Each structure stands twice: as structure tokens, then as C-alpha cells.
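Engineer: Pasted the sequence and its predicted model underneath.
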Amino acid sequence: MGLDGFSDIAGILRQLAISALPVLIAITFHEVSHGLIAYRLGDSTAKMMGRLTLNPIAHIDLFGTIIMPLMLLALTDGKLVFGYAKPVPINPMNFRNPKQGMAISAAGGPLTNLLLSVVSILALKFIVLPATLLFPGDVTEKALVPLGLMFKTSVIVNVVLAVFNLIPVPPLDGGRILVGLLPQRQAVILSKIEPYGFLIILVLIATGMANYFMIPLVHLFMAILGMF
């Protein structure tokens, strides 16, 4: 292996170290928010199954949390890294209004990711950047620069994860939100595609059709976040 090969591997490992924590935090908070909102609305399923915890081990999915982020890391040269966790179990029959309760609990995930993006920007702006003026250069280079890159990665990861989950196809959050908003007849029709939802999503991603939904929304959220 030549020097370029070692350089590529080192770059991937460096990007993995920067991306791993933001991805874990993003997907863990996303799932916990679903369960926490469901619990507040009367469904204790997630609590009873030990999923109302910020311990990422409880939420790790072999493919979505480990394999897919690594594949994206390698295939995109570290430009795009995100994943997903095991869905938090929710029983809508425990809600006073199952249709509405499911939509509200579904919306909690993307909203939490957008909030994490805001927090990451504020931490970068008011903690990391001012700290670079207070500490010597070696501290900035070894600690503050990597920390700043992690916060920047957190912004992107959380926005992409929020937008991906807003694709209006159940079982993604966007699909469940749409089911909650539609009249009963149309909601029932849309909910029937849930068993085939992930296959539909894979087709949308493979054909590039998902980009027509995701890219404008990512740009919109990033423009809004730019105000912070």
C-alpha cells in the first residue's frame, strides 16, 4: 500500500472519530424523545422495555447504527455520515387519541434533532470559538479544533437525520405524522403501506428521487440554523 493509501485510511479513521459521538447522540436522543413523548401521552411500553435511557447501547441497531454509517463514511469520503437506531416500541392503543398521539410522538424525533443542531451551533459559537482565543495554540490544535469539528458534524448529522425521517412514508416519522393529519379514510390507506415502507424508501434513495424531497429541506433548515 502506498502513502496515498495510508493517507486515505488515516483520513477515514479521523472522520470516524469525529463523527461517531455526534451520530450516537443524534440517534439516541431521537429515539428517546419518541418514547418519552409517548410515555407522557399515556403509553409506558418504551419505559417497561428499558428504552427511556440515554445509554446508546440500548438503542444500537447492527445495520443502522454501525454498518450503514461505516459504509457511508467509506463511500462518501466522510462527507455524509448518519444512521438510525432500533425504533422505540410504541403502542398507540394506550393513547387517549391513538391517531393524534402517534403523530405527536413521531414528530418528537425530528424536532429533537433540529434542537440538537441549534445547541451544537450555540456551543460552537459561544464556547469553542471563544476558547480558541484563551488557550495556547497546541491546546487549540489538539482539543478545540477536533471539538469544533464534532459540533459542526453534529449540525449536519442532526439536520440530515431529521429530514430523512420526515420523508412522508410510514414507518418513518414523516409518514406517521401524515397519517395523523389526514382524514380517516386516507390515513388508513397510507398506513397500509407501512409493511413495505422501507422497501419504498430504499427505492426512493437508489433512484435519487428522495433527493427531491431531502435536499431542499436540508437547505431550508441549514438556512434557518444560519441565523444562530
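Structural biologist: That came through fine. Residues are numbered from 1 along each chain as shown.
Engineer: now the helices: where do they sit in this structure?
Structural biologist: 3-40, 45-48, 68-75, 98-123, 129-134, 137-139, 145-165, 173-181, 184-191, 197-206, 209-225 (DSSP state H).
Engineer: Could you name the helices and strands sitting against the worst-scoring helix or strand of the chain on mean pLDDT?
Structural biologist: Least confident helix or strand, the chain: helix 68-75 with a mean of 72, by mean pLDDT, DSSP states H and E. Applying 3 or more CB pairs under 8 Å, 6 or more residues apart in numbering; DSSP states H and E, one finds that helix 68-75 contacts helix 3-40. Using the backbone N, CA and C atoms, a C-beta is placed for each residue, glycine as well.
Engineer: which parts of the helix it packs on are buried?
Structural biologist: 15-16, 18-20, 22-39 (16 or more other CB atoms under 10 Å).
Engineer: just how off-centre is it within its chain?
Structural biologist: With CA atoms, centre = their mean, to the nearest Å as the basis, helix 3-40 stands 9 Å off its chain's centre.
Engineer: which other helices and strands contact it?
Structural biologist: helix 45-48, helix 68-75, helix 98-123, helix 145-165.
Engineer: how about TSV for those helices, with distance to residue 202 added?
Structural biologist: Listed next are the helices and strands packed on helix 3-40 as TSV, based on distance: least, CB to CB, whole Å:
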stretch	distance to residue 202
helix 45-48	26
helix 68-75	12
helix 98-123	20
helix 145-165	12
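Engineer: got any ranges where this structure has weak pLDDT?
Structural biologist: 1-13, 73, 75-83 (pLDDT under 70).
Engineer: at 90 instead, please
Structural biologist: Where the chain drops to pLDDT under 90, the residues are 1-21, 23-24, 55-87, 132-146, 198, 201-208, 210-211, 226-228.
Engineer: in it, which residue is closest to the centre?
Structural biologist: residue 161 (3.1 Å; CA atoms, centre = their mean).
Engineer: Residue 111 is in contact with that residue, correct?
Structural biologist: No. Shown here, residue 161 and residue 111 do not form a contact pair, counting by CB atoms under 8 Å, at 11.7 Å.
Engineer: rewinding a little: tell me the spacing between the residue nearest to the centre of the chain and residue 35.
Structural biologist: 17 Å (CB to CB, to the nearest Å).
Engineer: Kindly report the same for residue 147.
Structural biologist: For residue 147, the distance to residue 35 - CB to CB - is 29 Å.
Engineer: now swap in residue 217 and tell me
Structural biologist: Counting by CB to CB, the gap from residue 217 to residue 35 is 25 Å.
Engineer: Count the residues that sit near residue 171.
Structural biologist: 16 (other CB atoms under 10 Å).
Engineer: which one of the helices of the chain lies closest to residue 90?
Structural biologist: For the helices of the chain, the distance to residue 90 is smallest for helix 3-40, at 4.7 Å, taking CB to CB.
Engineer: Helix 145-165 and that closest one, what's the angle between them?
Structural biologist: 60 degrees (axes from the mean of the first three to the mean of the last three CA atoms, to 10 degrees).
Engineer: Run the angle between helix 3-40 and helix 173-181 for me.
Structural biologist: Using the same axes, to 10 degrees: helix 3-40 against helix 173-181 is 20 degrees.
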